[in-house]
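# Sequence unavailable; structure follows:
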């Protein structure tokens, strides 16, 4: 077995009478994405700050590349910390600095690079994180998603070997969460750094993680792959499922793909073999074309508005929804058969058609595209299928796709709207 990059042995930390870490043992390996998960307030950020040296343990040993940190010289500690970068939970962007200046700051403060080389490195990260149009803006002028990207660009500008992410998706809606996590995974593969995340967004982070460490009641109770965690028989997993089932699904009414999978599995285990459930698949046609014309932020608003209708009709009876593909939303109705699902869909369609045309088109800011191309057509289709607990859900989703029919379509041109 490879030597761990970072290892904790019986690490303890208290703040007054509050015991935060109580004999923590963990191993983190080089070149992997390791996620430390736990419910809110479990002490994950405290653990992360021990890794980067912002906190020291009251007892126990932290080992870096096989050597106890307590035995390192000042120069060894300086060299080790220079290989690390930290993305703070609240981004920690300086309000008085532009995006460009925020990203450049670590190089200006810690390196002897010439101005031109700093500029080249900053612009490379700016382009990679799609911030070119924002370089002269201040943090207060940016959306939450763009602030996250600016913080990520700053964390990567020094070409670190280890990047620590403290709750990188906190405060983001489900679509943005997946976008940020995908960005982290993309850069980790591209640059090969070791990524260490802490998160209570269980289990959003599973799909990018090589290893998961579960912090529960002040200890690490699990270390292994996300797949192994799903089979982990422990009260921690019971609390995870409970927290998911009571989760307020924020802006879009969507769960992540992993959340959808976990909840689906939990529901199936509770059902008898003869009971049925229903799947509804919604598709927005030509979605990539809309993205190319309007950009991801505007399209995100379209998804948010559509999902608010889906959640209004299907969420109220226990529907579980996820964005399966770019323009595809899948809703599982664990307690409904196909007849009830059809009735709910008809109510959804009636409600959807009942909205003002101007409001519908404002979802995607479509007038901008009309000015560029002369006309734009938006089409929404939906299909239903029924499944049993013994049926693979992918098969039922496939059947629902086959059963899809157009439920709404409209074309906007310079002369008006045709439905």
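Nice, I can see it. Note that the structure is a prediction, hence the values are computed from the model and not measured.

# When you work out contacts or count neighbours from here on, use the C-alpha atoms and nothing else.
Fine.

# quick one: contacts for residue 401?
Residues near residue 401 by C-alpha atoms under 8 Å, 6 or more residues apart in numbering: 281, 382-384.

# what about it, which SS state?
helix (DSSP: H, G, I helix; E, B strand; the rest coil).

# which SS state does residue 62 fall under?
Classified using three-state DSSP, residue 62 is strand.

# returning to that earlier point: out of the contacts of residue 401, which are inside strands?
281, 382-384 (DSSP state E).

# most surrounded residue in the contacts of residue 401?
residue 384 (28 neighbours; other C-alpha atoms under 10 Å).

# Does it touch residue 404 like I think?
Yes. Here residue 384 reaches residue 404: they are 7.1 Å apart, a contact under C-alpha atoms under 8 Å.

# Check the contact lists of the two and give me the overlap.
Shared contacts of residue 384 and residue 404, defined by C-alpha under 8 Å, 6+ apart, are found at residue 281.

# What segments of the stretch 201-350 of the chain are strands?
211-216, 219-224, 277-284, 320-325, 328-333 (DSSP state E, counting those that start in this stretch).

# Direction included, what does the longest one pair up with?
According to DSSP bridges, strand 277-284 forms sheet pairs with strand 328-333 (antiparallel), strand 375-387 (antiparallel).

# weakest of these by average pLDDT?
For the strands paired with strand 277-284, the bottom mean pLDDT is recorded on strand 375-387, which sits at a mean of 83.

# How about residue 23: what's its closest non-neighbour residue?
residue 10 (3.9 Å; C-alpha to C-alpha, 6 or more residues apart in numbering).

# Could you double-check that that neighbour lies in contact with residue 57?
No. Using C-alpha under 8 Å, residue 10 is not in contact with residue 57, being 9.7 Å away.

# in stretch 310-318, what's buried?
310-311, 313-315, 318 (16 or more other C-alpha atoms under 10 Å).

# Return the per-residue confidence for residue 220.
With respect to pLDDT, residue 220 scores 92.

# distance of it from residue 384?
Plainly put, residue 220 is 43 Å away from residue 384 if you go by C-alpha to C-alpha, to the nearest Å.

# ditto for residue 129
Counting by C-alpha to C-alpha - residue 129 and residue 384 are separated by 38 Å.

# looking at it, residue 389 is touching residue 275, isn't it?
Yes. Using C-alpha under 8 Å, residue 389 is in contact with residue 275, at 7.2 Å.

# of those two, who's got more company?
Neighbour totals were compared for residue 389 and residue 275, and residue 389 leads with 20 against 15 (other C-alpha under 10 Å).

# Am I right that the more buried one falls within a helix?
No. With three-state DSSP as the criterion, residue 389 is assigned coil and is not in a helix.

# Residue numbering should commence at 149 henceforth.
Sure, I'll start numbering at 149, so the last one becomes residue 537.

# Return the backbone torsion pair for it.
Phi and psi for residue 537, reported as degrees, to the nearest 10, are phi -60, psi -30.

# which non-adjacent residue is nearest residue 230?
Spatial nearest neighbour of residue 230, excluding adjacent residues (C-alpha to C-alpha, 6+ apart): residue 308 at 7.7 Å.

# Who are the contact partners of that neighbour?
230-233, 341.

# out of the residues you listed, who has the most neighbours?
Most surrounded of the contacts of residue 308: other C-alpha under 10 Å gives residue 233, at 23 neighbours.

# what's the pLDDT at it?
90.

# The helix or strand containing it - contacts with which helices or strands?
Using DSSP states H and E, residue 233 sits in strand 232-235. Applying 3 or more C-alpha pairs under 8 Å, 6 or more residues apart in numbering; DSSP states H and E, one finds that strand 232-235 contacts helix 292-304, strand 310-314.

# Tell me how far it lies from the chain's centre.
19 Å (C-alpha atoms, centre = their mean, to the nearest Å).

# That one pairs with which strands, and in what direction?
By DSSP bridges, strand 232-235 pairs with strand 310-314 (parallel).

# any idea of the mean pLDDT for the following helix or strand past the partner strand?
Later in the chain than strand 310-314, the nearest helix or strand by DSSP H and E is helix 322-339. The average of the pLDDT scores along helix 322-339 is 75.

# now do stretch 553-567
66.

# Based on its surroundings, how many neighbours for the residue nearest to residue 458 when sequence neighbours are not counted?
Spatial nearest neighbour of residue 458, chain neighbours left out: residue 496 (7.3 Å); criterion: C-alpha to C-alpha, 6+ apart. Using other C-alpha under 10 Å, residue 496 is surrounded by 19 other residues.

# Contacts only, for residue 496.
457-458, 461.

# Helices - which of those land there?
457-458, 461 (DSSP state H).

# In this model residue 249 seems to touch residue 305, though I could be wrong.
No. Residue 305 is beyond contact range of residue 249, at 11.8 Å (criterion: C-alpha under 8 Å).
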